[in-house]
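K.L.:
Predicted model and sequence follow; I will ask about them next.
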Amino acid sequence: MVKMGKDYYDILGIQKGASEDDIKKAYRKQALRFHPDKNKSPGAEDKFKEIAEAYDVLSDPKKKDIYDRYGEEGLKGGGIPGGGGGGGGGPGTFSYSFQGDPHAMFTDFFGGRNPFEQFFGARNGGMDEDMDTDDPFARFGMGAGGMGGFPRSFSSGMGGMGPHTSVVKKQQDPPVVHELQVTLEEVLSGCTKKMKISRKRLNPDGRTIRREEKILEVQIKKGWKEGTKITFPKEGDETPRNIPADVVFVLKDKTHPVFKREGSDIIYTAKISLRDALCGCTVNAPTLDNRAVTVSSTEIVQPGMKRRVSGEGLPYPKRPDRRGDLLVEYEVKFPERLSQSARDTIAQVLPRS
């Protein structure tokens, strides 16, 4: 008669012959109930580890088969027919002892360090005392299969690793996008922006998380257009279940008090009087590097008319040694009132059509 040793089925509260889903559901129930963060009773930590060991064995088909036939002694490779020699139908040289971290298993199963907070909210520091732990996920429309495929065999990294190890590939989180405002003067000369971000990072144990701040240096090159994206790979939050997201900065032009941007050109609006519009005028137009250029017109200024000053705009992104133009756009200021004598004079001078 084979000595069973530990009764893993009894530890999980299920019968021998339970299905894979029943085993997962039982582990979920017992692990939530005896997790030391939730259960402060004496012996909860030992019970939590025992539950992890039971699940590690029963969720792995090879270990489960040996356990069902030869009990705990069979897993350890002793006390069975043919044990240690591979004959007599026994497990041969197979030897198992639980070397895993029950907390890492729990984290891997639930996809996070604190499933109580993740799934039930953080009020009162964790799961509602009245919550039915038989299958708490059922309240969220998630049955024995778990959420997002979390439950699975956790032989990876444990003792007695067999050919049935199941690994779920980590997925990268979507990019975290931030708007980065720049002035036209910064686009003209290029600059470096230092951006402070706060993010979650895994501790060396691979399961607990710390929050840290980091400075990212964003190099703004001459002439970069609005909408340009600067990507910092994998600088987002890190958890046991994810690949950190990329952090992306998207350039946005700050509203300028003097100029408007049109690609690599800049537009300056010169306000002139009706007299100057009709008789000709000279405008001292400012530039982005604090100079002034003289723009003269001897013609009548027509609505929408512009004057172009070559090379006084922004650098071209692909050829920063060359620059776009400064466009002087005229805005005619009409007088609010005219004296009768001025009206008479204008009427005599200007044609009717």
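P.N.:
Alright, I've got the coordinates.
K.L.:
Okay, now the unreliable bits of the stretch 101-250 of the chain?
P.N.:
Within the stretch 101-250 of the chain, the stretches with pLDDT under 70 are 111-168.
K.L.:
quick one, helices of it?
P.N.:
102-110, 115-120, 184-189 (DSSP state H, counting those that start in this stretch).
K.L.:
where does Asp21 land in three-state SS?
P.N.:
Assigned by DSSP: H, G, I helix; E, B strand; the rest coil, the conformation of Asp21 is helix.
K.L.:
Check Lys47 too.
P.N.:
From three-state DSSP, the assignment for Lys47 is helix.
K.L.:
Hmm, it is touching Phe34, no?
P.N.:
Yes - the criterion here is CB atoms under 8 Å, and Lys47 meets it with Phe34 at 4.6 Å. C-beta: built from backbone N, CA, C; applies to glycine.
K.L.:
Could you check the pLDDT of Pro257?
P.N.:
pLDDT for Pro257: 95.
K.L.:
That one: which element?
P.N.:
Assessed by DSSP states H and E, Pro257 sits outside every helix and strand.
K.L.:
please renumber so the chain begins at 29
P.N.:
Understood, numbering begins at 29; the last thing we discussed is Pro285.
K.L.:
Look up how far Ser292 lies from it.
P.N.:
Distance, Pro285 to Ser292, by CB to CB, to the nearest Å: 20 Å.
K.L.:
now the strands for the stretch 279-381 of the chain?
P.N.:
Remark: strands assigned in the stretch 279-381 of the chain by DSSP state E, counting those that start in this stretch are 287-290, 293-301, 309-314, 320-325, 334-337, 343-344, 347-351, 354-361.
K.L.:
Out of the ones you listed, which gets nearest to Asp84?
P.N.:
Minimum separation from Asp84 across those (CB to CB) falls at strand 347-351, 60.2 Å.
K.L.:
can you list contacts of that closest one?
P.N.:
Gly218, Lys249, Lys250, Gly251, Ser292, Gly339, Glu340, Gly341, Leu342, Pro343, Tyr344 (CB atoms under 8 Å, 6 or more residues apart in numbering).
K.L.:
could you pull out the strands for the stretch 79-228 of the chain?
P.N.:
199-200, 204-210, 219-230.
K.L.:
need those strands in TSV with distance to Leu103 and mean neighbour count, can you?
P.N.:
Below are the strands of the stretch 79-228 of the chain laid out as TSV (distance: least, CB to CB, whole Å; neighbours: other CB atoms under 10 Å):
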stretch	distance to Leu103	mean neighbour count
strand 199-200	34	12
strand 204-210	46	14
strand 219-230	32	13
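K.L.:
contacting residues for Gly41?
P.N.:
Gly41 makes contacts with Ala54, Lys57, Gln58, as judged by CB under 8 Å, 6+ apart.
K.L.:
10 Å - rerun?
P.N.:
For Gly41, the contacting residues are Asp50, Ala54, Tyr55, Lys57, Gln58, Arg61, Ile79, Ala82, Asp162, by CB atoms under 10 Å, 6 or more residues apart in numbering.
K.L.:
cool, and Ile295?
P.N.:
Ile295 is in contact with Val286, Phe287, Lys288, Arg289, Lys334, Gly341, Asp353, Leu354, Leu355, Val356, Glu357, counting by CB under 10 Å, 6+ apart.
K.L.:
quick check, nearest of those residues to Ala298?
P.N.:
Val356 (5.4 Å).
K.L.:
What residue spans form the domains of the chain?
P.N.:
If you go by automatic domain parsing, the domain ranges for the chain are 36-168, 199-281, 287-377.
K.L.:
For the shortest one, what is the spacing between the initial and final residues?
P.N.:
Think domain 199-281. 34 Å (CA to CA, to the nearest Å).
K.L.:
try stretch 79-95
P.N.:
15 Å.
K.L.:
So which bits of it are buried?
P.N.:
79-88, 90-92, 94-95 (16 or more other CB atoms under 10 Å).
K.L.:
and that stretch, average pLDDT?
P.N.:
90.
K.L.:
give me the beta-bridge partners of the closest residue to Asn312 other than its chain neighbours?
P.N.:
Distances taken as CB to CB, 6 or more residues apart in numbering place Ala320 nearest to Asn312, at 4.6 Å, with adjacent residues excluded. Beta-bridge pairing for Ala320 (DSSP bridges): Pro314.
K.L.:
measure Ala320 to Glu340 for me?
P.N.:
Taking CB to CB, one finds Ala320 at 10 Å from Glu340.
K.L.:
tell me, what's touching those two both at once?
P.N.:
Between them, Ala320 and Glu340 share the contacting residues Ala313, Pro314, judged by CB under 10 Å, 6+ apart.
K.L.:
Show me which of the two is the more surrounded one.
P.N.:
Glu340 (22 against 10; other CB atoms under 10 Å).
K.L.:
contacting residues around the more buried one?
P.N.:
Neighbouring residues of Glu340 by CB under 10 Å, 6+ apart: 293-294, 296, 313-317, 319, 321, 351-356.
K.L.:
Buried only: go through the residues you listed for me.
P.N.:
Asp293, Ile294, Tyr296, Ala313, Thr315, Leu316, Arg351, Gly352, Asp353, Leu354, Leu355, Val356.
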